[in-house]
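S.K.: Everything below, folded, please.
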Amino acid sequence: MNAPAQPQDLAIDLRQLVMTIANTVDLVGVDDLLHGRRVGMLARDLARQLGLDEKAQVLLYDAGLLHDCGVASSCAHPRLLRDLEWPGAEAHCIRGEELLCDFAPLANLAPLIRYHHSRWDWLEKQNLPPDVARFANVIFLADRIDALLGPFHGDQGAVAHAGEIRARLAAARGCLFAPDLVDAFLEQSVGDGFWLALQPNAVRQYQTEMEAFRDLWLVSWQEFKRCTDIFARILDAKSPYTEQHSRGVSLLARHLAGRMGLDAVTCERIEVAGLLHDIGKLQIPGEIIEANGALSADELELMKTHSRGTFEVLQRLHAIEEIARWASYHHETPDGQGYPFHVAGDALPLEARIINVADVFQALAQDRPYHRPLEPAEILAILKDRVANGKADATVVATVEADLDNSHRIALCRPSC
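M.R.: Okay, the predicted model is just below:
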């Protein structure tokens, strides 16, 4: 009997998956980690005020959590939290739709995200399914409520400014927002309780309660790989200098695993771990990632937190626990002096050792603001030095050496000749 060519289908809790993607998206903002969660909360509560059923309420909560998945960088995020509308707002909506539309469990959210910055007086004239136009406008309203609340999160200032926020949104009734949605918001927000419920502790408690809505899906491995591509594309848009890094690491790690004789299922899983390994970098400010010179001691310590960030994002997805561990161990070294867990010796899985070497190789081969792209022989010399100092696995580096030019091509995502 032939061995399977790919892993078995996964039982994925859609609630865990949405929350994991949402946590990833929130990291793009750096300074406002609860924006998506507040928008989801506001959207669901608006839906309940409108008398929509529970299925629609949960759908709108999920759309609110993920509405900014198309935001490309932390520097773009502040404007999303300041203005009611602005030129160019549609770009991240289109990109968000593209990220989700090919992944079946979340494809129903894609059109809502596509139109979540569209004016109601334009939307109602389009030939869209009624629920798409209406639900997208719910997200738009929830999003802009939170934008106006931006300066007041974390204190009691929202209550003091409730009147002016309500007045500004009421003025947009019938143009930016559907009249009945604005009316529902105005009815909801009369008392102080509405505004106090948007403070950080209350928002986190709301998320905990929403996690009780379990929704198990049997997802094929190929579908799941499409989902991991969502994570990778969110990450690689963080900076032009990280573009294609995750893809190059995943392809090289898979190639090396195959050359070392690992079975096809393990190679597939290593490829996914490579795609996901740098998710934690989303919490690092872009100016540090794009720094032209050496980082300060404090900046270096902050950069080193990204491996732990990867673990914190992925640990929610229990179905890929082992893959998450390989991904978050990508800066661990055989001598135990890596970070952040200091895993050493036999406790450091071969799969993580492969990803570590692929990560170093790809980073050295790629043009970065702080170094020119190195030639294959230069990279190999650095890898051999790492082996000598206990920082890299000797067998993995020997595998690179035996196929050096091809490894270089794969790391840079270049087609074969």
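S.K.: Next, the buried residues of stretch 150-163.
M.R.: Residues of stretch 150-163 classed as buried: G150, F152, H153, A158, A162 (neighbour count, 16 or more other C-beta atoms under 10 Å). To be clear about C-beta, it is placed using only N, CA and C from the backbone, and glycine gets the same treatment.
S.K.: so where's this structure uncertain?
M.R.: For the chain, applying pLDDT under 70 flags the ranges 1-3, 28-32, 72-83, 153-156, 237-243, 369-370, 417.
S.K.: top helix in the chain by residue count?
M.R.: Scanning the chain for the helix with the most residues, using DSSP state H, yields helix 130-149.
S.K.: by contact count, what packs against the helix or strand following it?
M.R.: Using DSSP states H and E, the helix or strand that directly follows helix 130-149 along the chain is helix 157-160. Secondary-structure packing of helix 157-160 (3 or more C-beta pairs under 8 Å, 6 or more residues apart in numbering; DSSP states H and E): helix 192-196.
S.K.: distance between the helix it packs on and the chain's centre?
M.R.: Here helix 192-196 is found 30 Å from its chain centre; the criterion is C-alpha atoms, centre = their mean, to the nearest Å.
S.K.: What is the subsequent helix or strand relative to it?
M.R.: For helix 192-196, the following helix or strand on the C-terminal side (DSSP H and E) is helix 200-210.
S.K.: Strand partners (parallel or antiparallel) of the helix or strand following that following helix?
M.R.: Next in sequence after helix 200-210, counting helices and strands by DSSP H and E, comes strand 216-219. Sheet partners assigned to strand 216-219 using DSSP bridges are listed as strand 10-13 (antiparallel).
S.K.: Check the offset of the partner strand from the chain's centre.
M.R.: That offset, for strand 10-13, works out to 18 Å (C-alpha atoms, centre = their mean).
S.K.: Restricting the selection to alpha carbons, write the next helix-or-strand element following it to PDB.
M.R.: The C-terminal neighbour of strand 10-13 among helices and strands, as given by DSSP H and E, is helix 14-29. The C-alpha coordinates for helix 14-29 follow below in PDB (Å, rounded to 0.1, in the frame of the first residue of the first chain):
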ATOM      1  CA  LEU A  14     -13.900  27.800  12.400                       C
ATOM      2  CA  ARG A  15     -14.100  30.000  15.600                       C
ATOM      3  CA  GLN A  16     -10.500  29.200  16.400                       C
ATOM      4  CA  LEU A  17      -9.500  29.900  12.800                       C
ATOM      5  CA  VAL A  18     -11.300  33.300  12.600                       C
ATOM      6  CA  MET A  19      -9.800  34.300  15.900                       C
ATOM      7  CA  THR A  20      -6.300  33.300  14.800                       C
ATOM      8  CA  ILE A  21      -6.500  35.300  11.600                       C
ATOM      9  CA  ALA A  22      -8.000  38.200  13.500                       C
ATOM     10  CA  ASN A  23      -5.200  38.200  16.000                       C
ATOM     11  CA  THR A  24      -2.800  38.200  13.000                       C
ATOM     12  CA  VAL A  25      -4.600  41.200  11.400                       C
ATOM     13  CA  ASP A  26      -4.700  43.100  14.700                       C
ATOM     14  CA  LEU A  27      -0.900  42.900  14.900                       C
ATOM     15  CA  VAL A  28      -0.600  44.900  11.800                       C
ATOM     16  CA  GLY A  29      -2.000  47.900  13.700                       C
END
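S.K.: Perfect, I'm done here.
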